[in-house]
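Novice: no FASTA, just this:
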C-alpha cells in the first residue's frame, strides 16, 4: 500500500497513522483500509459513488407500456414516459404522477 510520499506501508501502519493523526475521528480498521485501497486502484478516487438501483415498476405498468408499443411501435420513448406513471431522473420536466 502506498502512503505519504512513496513509502509503502502495511494496513496496520496506515490504521495506526490514521489514529495518531486524527484522534477525534472514529477509528478505522484494516478491512476499511482494504476497501478504500481497492476502490482507489479500481476507480482512481475514493469519492462516494451513488449506487445504481433498478426502479421497481408494477407489472400492470409494464403490461400497459408493452401494449402501447404493440399498438404503435414507433411511439417515442419520451411520450411513453409522459403517458405512464413511470418517472426517471432523465426526464423530470416531462414526468407527471397520475
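Specialist: That came in fine, so what should we check first? Source: prediction; values computed, not measured. Residues are numbered from 1 along each chain as shown.

Novice: where in the protein is the helix or strand with the lowest mean pLDDT?
Specialist: Evaluated with mean pLDDT, DSSP states H and E, the helix-and-strand set of the chain has its lowest mean pLDDT in helix 77-83, which scores a mean of 82.

Novice: same for that one, what does it pack against?
Specialist: When contacts are defined as 3 or more CB pairs under 8 Å, 6 or more residues apart in numbering; DSSP states H and E, helix 77-83 sits against helix 59-71. Backbone N, C-alpha and C define where each C-beta goes, glycine included.

Novice: which elements pack onto the helix it packs on?
Specialist: Under the contact criterion of 3+ CB pairs under 8 Å, 6+ apart, the helices and strands touching helix 59-71 comprise helix 77-83.

Novice: for the helix it packs on, buried residues please.
Specialist: Burial within helix 77-83, assessed by neighbour count using 16 or more other CB atoms under 10 Å, is assigned to residue 81.

Novice: quick check: the nearest residue to residue 34 once chain neighbours are set aside vs residue 29, distance?
Specialist: For residue 34, ignoring the flanking residues on the chain, the nearest one in space by CB to CB, 6 or more residues apart in numbering is residue 11 at 6.3 Å. As defined by CB to CB, to the nearest Å, residue 11 lies at a distance of 9 Å from residue 29.

Novice: the more surrounded of these two?
Specialist: Neighbour count, other CB atoms under 10 Å: between residue 11 and residue 29, residue 11 has more, with 17 against 9.

Novice: confirm for me that the more buried one is in contact with residue 33.
Specialist: Yes - at 4.7 Å, residue 11 counts as touching residue 33 under the criterion of CB atoms under 8 Å.

Novice: one step back: per-residue pLDDT, the residue nearest to residue 34?
Specialist: The predicted local confidence for residue 11 comes out at a pLDDT of 85.
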